[in-house]
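>>> Here is my input; please provide its structure:
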Amino acid sequence: MQLPLEISYRDVPKTDALDALVREKVDKLEQVCDHINSCRIAIEQAHKNPNSGSPYRVRIDMTVPPGHELAVVENPGEGTQYQPVETVIRNAFESARRQLIELSERQRNQVKSHPTQEMTAIVTKLFPEEGYGFLKTVEGQEVYFHRNSVLHDDFDRLSIGTGVRFFAEEGEQGLQASTVQIVNKPGERISKVDELEIEQPLGWSQ
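Now for the predicted structure:
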């Protein structure tokens, strides 16, 4: 890893056991992808006394060359049996591992595309107060996303029609985006080259 590993704790006692667990999981991520640039882990107690679910939240942010940013947020909510912080950490790293495997396979297959061609979905529904929305892919599939999955805390920049690229995984209620990154905003000025390269698919409708 090019930059030192960053681990932060908020309202969670830092212990040697937790630190060792995190470092062990990071080592396993590097076995999947040996060219991670940076990795930041935030472990916090998001709720003091939740009625259900876990009080803990774990966020993992990674950067991988040439310019990939991966983010995972594990925050078990209602309907989830109480989970200790160690379980939440393990689940977060498992999601991060799946993302790295997918990215590594794409890189091994030498899938190279211009950034303007990586717009894989458009925001079609947005519920700002509730903190979630829906994307529609080029194939017409609807994908749920939560504000915590939007990179750079850009959820408030989203609007209907915003182009994004994303990673998705199967959740309890179907396909959901694990990371969402803005590609372009409606009305943004793009180059003539971009205008030629970006074509909306036939039959596209919001």
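>>> tell me the mean pLDDT over stretch 48-62?
Average pLDDT, stretch 48-62: 79.
>>> I should have written stretch 70-90 there, sorry.
Mean predicted confidence for stretch 70-90 is 82.
>>> Just the CA atoms of it, as PDB, please.
The C-alpha coordinates for stretch 70-90 follow below in PDB (Å, rounded to 0.1, in the frame of the first residue of the first chain):
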ATOM      1  CA  LEU A  70     -14.300   2.000  -3.600                       C
ATOM      2  CA  ALA A  71     -16.400   2.500  -0.500                       C
ATOM      3  CA  VAL A  72     -18.300   0.200   1.800                       C
ATOM      4  CA  VAL A  73     -20.600   1.100   4.600                       C
ATOM      5  CA  GLU A  74     -21.800  -1.600   6.900                       C
ATOM      6  CA  ASN A  75     -24.500  -0.400   9.300                       C
ATOM      7  CA  PRO A  76     -27.000  -3.300  10.200                       C
ATOM      8  CA  GLY A  77     -30.400  -1.800  10.700                       C
ATOM      9  CA  GLU A  78     -33.900  -2.800  11.700                       C
ATOM     10  CA  GLY A  79     -34.700  -6.500  11.200                       C
ATOM     11  CA  THR A  80     -31.100  -7.500  11.800                       C
ATOM     12  CA  GLN A  81     -30.200  -9.400  14.900                       C
ATOM     13  CA  TYR A  82     -27.900  -7.500  17.300                       C
ATOM     14  CA  GLN A  83     -24.300  -7.800  16.000                       C
ATOM     15  CA  PRO A  84     -21.100  -7.000  17.900                       C
ATOM     16  CA  VAL A  85     -18.600  -4.600  16.400                       C
ATOM     17  CA  GLU A  86     -16.300  -7.500  15.300                       C
ATOM     18  CA  THR A  87     -19.100  -9.000  13.200                       C
ATOM     19  CA  VAL A  88     -19.900  -5.600  11.600                       C
ATOM     20  CA  ILE A  89     -16.200  -5.300  10.700                       C
ATOM     21  CA  ARG A  90     -16.000  -8.700   9.200                       C
END
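>>> Which parts of the chain are strands?
With DSSP state E as the criterion, the chain has strands at 6-10, 38-45, 56-64, 68-74, 121-127, 132-137, 142-146, 163-171, 174-184.
>>> my read: residue 42 touches residue 22, true?
No - applying C-beta atoms under 8 Å, one finds residue 42 not in contact with residue 22, separated by 10.7 Å. Every C-beta, even on glycine, is put in place using the N, C-alpha and C of the backbone.
>>> what about these two, which has more around it?
residue 22 (20 against 16; other C-beta atoms under 10 Å).
>>> If I follow the layout properly, the more buried one ends up in contact with residue 7?
Yes - with contact defined as C-beta under 8 Å, residue 22 counts as touching residue 7 (5.6 Å).
>>> that older thread, mind giving me TSV with the strands of the chain and columns for distance to residue 88?
As requested, those are exported to TSV (distance: least, C-beta to C-beta, whole Å):
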stretch	distance to residue 88
strand 6-10	13
strand 38-45	8
strand 56-64	5
strand 68-74	5
strand 121-127	25
strand 132-137	20
strand 142-146	16
strand 163-171	16
strand 174-184	15
